[in-house]
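S.K.: Sequence and predicted model, in that order:
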Amino acid sequence: MGSQGAEAGGDWLFAAPTGASDAAGEAGAAGTDDGEVAASMAGFHPRQLKDMPRVEMQRLMVKINMPAKVSNDDMRRALTDWWEKRQAKGGGEGEGGGEGEGGDASGESLTAEAPELKDTRVVRLKLDDLNPHLVCRICNGYFRGAHTITECLHTFCKSCLLREFDRGLRVCPHCKVDLGPHPLNVILYDRTMQELVHKILPELEIEDQVHTVMNRLEPEWK
């Protein structure tokens, strides 16, 4: 559980490179403009969809403001259509509309544009503004072992979710979407979210590492 309250460090400021994809901002993806959406999708190519996990495709759907609770095939078609429209709109000025100086429509042009996102400027964000995206809605603490429900993309502490499921809960604790009779099958470890929490609050990462070591040593002490 998130033992450290979300209220702590309300005036703490976090510096992040401009243009980087912020996993914590997915909940507000619908309010981003077209340029921000394109920047968050930099490096994406439809060929990546073949082996991409469902939860990752759902994250991309959220970024382009499309419904994420659809079939995998529908998500692949929607993401491919979005990419093709982006290429036709600004992917290059070469003949045929699909080629430019950076390469053809196979994705080389995206690779050529990537260095433009490496901006040395810094934006300053108050932790209070990030808290809604970093806090478990069950325990109101920062995510510990963050796990995301694939049906609705809401994230919680692993221990919090398991406790609720043990009590018989079969819906999302936040939006109440039905998770079926086996809710453990529709949750995945959210490495991106947990790493983000650890980068912003490194003391939590240290506590988690100590807790992991203690759990491993406990059988030897007994």
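M.R.: Right, received. Where do you want to start?
S.K.: tell me which strands and helices the helix or strand harbouring D129 is in contact with?
M.R.: Assigned by DSSP states H and E, D129 belongs to helix 127-134. Using 3 or more CB pairs under 8 Å, 6 or more residues apart in numbering; DSSP states H and E as the contact test, the elements touching helix 127-134 are strand 13-17, helix 191-200. All C-beta spots, glycine's among them, are computed from the backbone N, C-alpha and C.
S.K.: Could you tell me the least trusted of these?
M.R.: Averaged per stretch, pLDDT over the helices and strands packed on helix 127-134 is lowest on strand 13-17, reaching a mean of 38.
S.K.: Now do the helix holding D129, average pLDDT.
M.R.: 83.
S.K.: Just want the angle from that helix to helix 191-200.
M.R.: Between helix 127-134 and helix 191-200, the angle formed by their directions is 150 degrees, by axes from the mean of the first three to the mean of the last three CA atoms, to 10 degrees.
S.K.: The next helix or strand after helix 127-134 - contacts with which helices or strands?
M.R.: Downstream of helix 127-134, the next assigned helix or strand under DSSP H and E is strand 146-149. Under the contact criterion of 3+ CB pairs under 8 Å, 6+ apart, strand 146-149 touches strand 155-157, helix 158-166, strand 187-189, helix 191-200.
S.K.: pLDDT of stretch 204-218, averaged?
M.R.: On average, stretch 204-218 scores 74.
S.K.: Flag every buried residue along that stretch.
M.R.: Applying a neighbour-count criterion of 16 or more other CB atoms under 10 Å, one finds L204 buried in stretch 204-218.
S.K.: Also stretch 41-50?
M.R.: Along stretch 41-50, the positions that meet the burial threshold by neighbour count (16+ other CB under 10 Å) are 41, 44-45, 49.
S.K.: Please apply the same query to stretch 79-89.
M.R.: Of the residues in stretch 79-89, 79, 82-83, 86-87 count as buried by neighbour count, 16+ other CB under 10 Å.
S.K.: Ok, stretch 182-197 next?
M.R.: Within stretch 182-197, the residues that count as buried by 16+ other CB under 10 Å are 183, 186-188, 190, 192-194, 196-197.
S.K.: Relative to V55, which of the helices and strands packed on strand 146-149 is closest?
M.R.: Comparing the helices and strands packed on strand 146-149 against V55 with CB to CB, the closest turns out to be strand 187-189 (5.1 Å).
S.K.: Show me what that closest one packs onto, helices and strands only.
M.R.: Using 3+ CB pairs under 8 Å, 6+ apart as the contact definition, the elements that strand 187-189 packs against are strand 146-149.
S.K.: any residues touching the strand it packs on, and which ones?
M.R.: If you take CB atoms under 8 Å, 6 or more residues apart in numbering as the criterion, strand 146-149 is touched by 55, 154-158, 161, 172, 177, 179, 186-190, 193-194, 197.
S.K.: Could you pull up the mean pLDDT of it?
M.R.: Averaged across strand 146-149, pLDDT comes to 95.
S.K.: Mind listing the strands it pairs with, and their directions?
M.R.: Strand 146-149 has the following sheet partners, assigned by DSSP bridges: strand 155-157 (antiparallel), strand 187-189 (antiparallel).
S.K.: mind saving the C-alpha coords of it as PDB?
M.R.: The C-alpha coordinates for strand 146-149 follow below in PDB (Å, rounded to 0.1, in the frame of the first residue of the first chain):
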ATOM      1  CA  ALA A 146       1.400  -0.200  -9.700                       C
ATOM      2  CA  HIS A 147      -1.000  -2.500 -11.600                       C
ATOM      3  CA  THR A 148      -3.400  -1.300 -14.400                       C
ATOM      4  CA  ILE A 149      -6.700  -2.700 -15.300                       C
END
